[in-house]
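Asker: What follows is a predicted protein model with its sequence.
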Amino acid sequence: MIESSLFGIILLIIGLIIKYSNIPMNSLFGYRTPMAMKSNRHWELANRAFAIHAILIGVISILIGNLNGTTGFHSTWIMFINLSLLLLSIVVIERKLHKFNRQIMP
């Protein structure tokens with residue numbers, strides 16, 4: 001399935017860019033939620049975590065896309081799985097940010 005592979009490639013590229021470049025806090029690129037943009041330390045934590053998640057989800061999406069010919073999954077289910085992984089990643093990162101926020105601001 002080309003859509004899943006393309007989604008995976010794009011997510012993998014975004015993850016690698018974030019991981020290997022020092023992107024300052026901005027309003028255009030990176031993991032940008034209110035909690036992530038609370039401070040530079042929050043920004044760095046969120047983007048470091050998101051880079052890892054994006055790379056992993058990207059690789060999984062590429063593999064799912066390449067295996068689709070043999071598994072026969074419907075494309076709707078594959079995109080549902082990809083988007084679910086992405087949303088789960090956001091939940092995990094936000095929880096990590098809230099925990100970090102409680103540690104630095106008692």
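Answerer: Nice, thanks for sending it over. Numbering: from 1, shown residues only.
Asker: Who are the packing partners of the helix ranked longest in the chain?
Answerer: In the chain, with assignment by DSSP state H, the single longest helix is helix 40-71. Using 3 or more Cβ pairs under 8 Å, 6 or more residues apart in numbering; DSSP states H and E as the contact test, the elements touching helix 40-71 are helix 2-20, helix 75-104. Every C-beta, even on glycine, is put in place using the N, C-alpha and C of the backbone.
Asker: between the ones you listed, which one is nearest to Ile52?
Answerer: Closest approach to Ile52 among the helices and strands packed on helix 40-71 (Cβ to Cβ): helix 2-20, 7.3 Å.
Asker: average pLDDT across the closest one?
Answerer: Averaging pLDDT along helix 2-20 yields 90.
Asker: Would you pull up how far it lies from the middle of the chain?
Answerer: Distance of helix 2-20 from its chain centroid, counting by Cα atoms, centre = their mean, to the nearest Å, is 9 Å.
Asker: Mind exporting the C-alpha coordinates of that helix to CSV?
Answerer: Extracted in CSV, the C-alpha atoms of helix 2-20 (Å, rounded to 0.1, in the frame of the first residue of the first chain):
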residue,chain,number,x,y,z
ILE,A,2,1.6,3.1,-1.2
GLU,A,3,-0.2,5.5,1.2
SER,A,4,1.1,3.7,4.3
SER,A,5,4.7,3.6,2.9
LEU,A,6,4.5,7.3,1.9
PHE,A,7,3.1,8.2,5.3
GLY,A,8,6.0,6.2,6.9
ILE,A,9,8.7,7.8,4.7
ILE,A,10,7.4,11.3,5.5
LEU,A,11,7.2,10.6,9.3
LEU,A,12,10.7,9.0,9.2
ILE,A,13,12.2,12.0,7.5
ILE,A,14,10.5,14.4,9.9
GLY,A,15,11.8,12.3,12.9
LEU,A,16,15.3,12.2,11.5
ILE,A,17,15.3,16.0,10.9
ILE,A,18,14.1,16.7,14.4
LYS,A,19,16.6,14.2,16.0
TYR,A,20,19.7,15.3,14.2
